[in-house]
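>>> coordinates only, sequence not included:
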């Protein structure tokens, strides 16, 4: 599957390298903060705060130890008061050995339709 098709099929995914630099984003993440990448860089910690597993630092090796557990991130929107600030994304982390990278595939963790529209999202976003 090509990168464009993958990004469209899994809008809430990202891929990071060993330095936790974002190397690929799904369409959902691109829509929310893709324009910030040029000005704020591509560090995972700039855009995401790890909520679960609890107490795990944003470190490649520490995340790698826990790839079989559920992950939850909260979005951080640098220099913005965007509606998506604090949006929680729950999913799975997968180690891609062929590229020595981490793939996260998830979806927004919301409380009903109000949680969706209140964040500026639509049903088609999930």
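Thanks, I have it. If you're wondering where the values come from, they're calculated on a predicted model, not measured in any experiment.

>>> Strands of this protein, start to end?
For the chain, the strands defined by DSSP state E occupy 13-16, 22-25, 48-52, 70-75, 88-96, 101-108.

>>> Residue 62 is nearest to which of those strands?
strand 48-52 (9.5 Å; C-beta to C-beta). Glycine gets a C-beta too; all of them are placed from N, C-alpha and C.

>>> The residue lying closest to residue 37 once chain neighbours are set aside and residue 74, how far apart?
Among residues not flanking residue 37 along the chain, residue 22 sits closest, at 7.6 Å (C-beta to C-beta, 6 or more residues apart in numbering). Counting by C-beta to C-beta, to the nearest Å, the gap from residue 22 to residue 74 is 16 Å.

>>> go on, residue 24?
20 Å.

>>> before we move on, what about residue 26?
Distance from residue 26 to residue 74, by C-beta to C-beta: 17 Å.

>>> Looking at those two, which one has more neighbours?
The neighbour comparison of residue 26 against residue 74 (other C-beta atoms under 10 Å) goes to residue 26, with 20 against 16.

>>> give the contact list for that one.
6-7, 10-14 (C-beta atoms under 8 Å, 6 or more residues apart in numbering).

>>> how about these in a markdown table, adding distance to residue 53 and neighbour count?
A markdown table is the format used below for the contacts of residue 26 (distance: C-beta to C-beta, whole Å; neighbours: other C-beta atoms under 10 Å):
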| residue | distance to residue 53 | neighbour count |
| --- | --- | --- |
| 6 | 26 | 16 |
| 7 | 26 | 19 |
| 10 | 22 | 19 |
| 11 | 24 | 20 |
| 12 | 19 | 22 |
| 13 | 19 | 23 |
| 14 | 17 | 26 |
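
>>> Now distance to residue 39 too, for these, in JSON lines please.
Formatted as JSON lines, the contacts of residue 26 follow (distance: C-beta to C-beta, whole Å):
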{"residue": "6", "distance to residue 39": "26"}
{"residue": "7", "distance to residue 39": "21"}
{"residue": "10", "distance to residue 39": "26"}
{"residue": "11", "distance to residue 39": "23"}
{"residue": "12", "distance to residue 39": "23"}
{"residue": "13", "distance to residue 39": "23"}
{"residue": "14", "distance to residue 39": "18"}
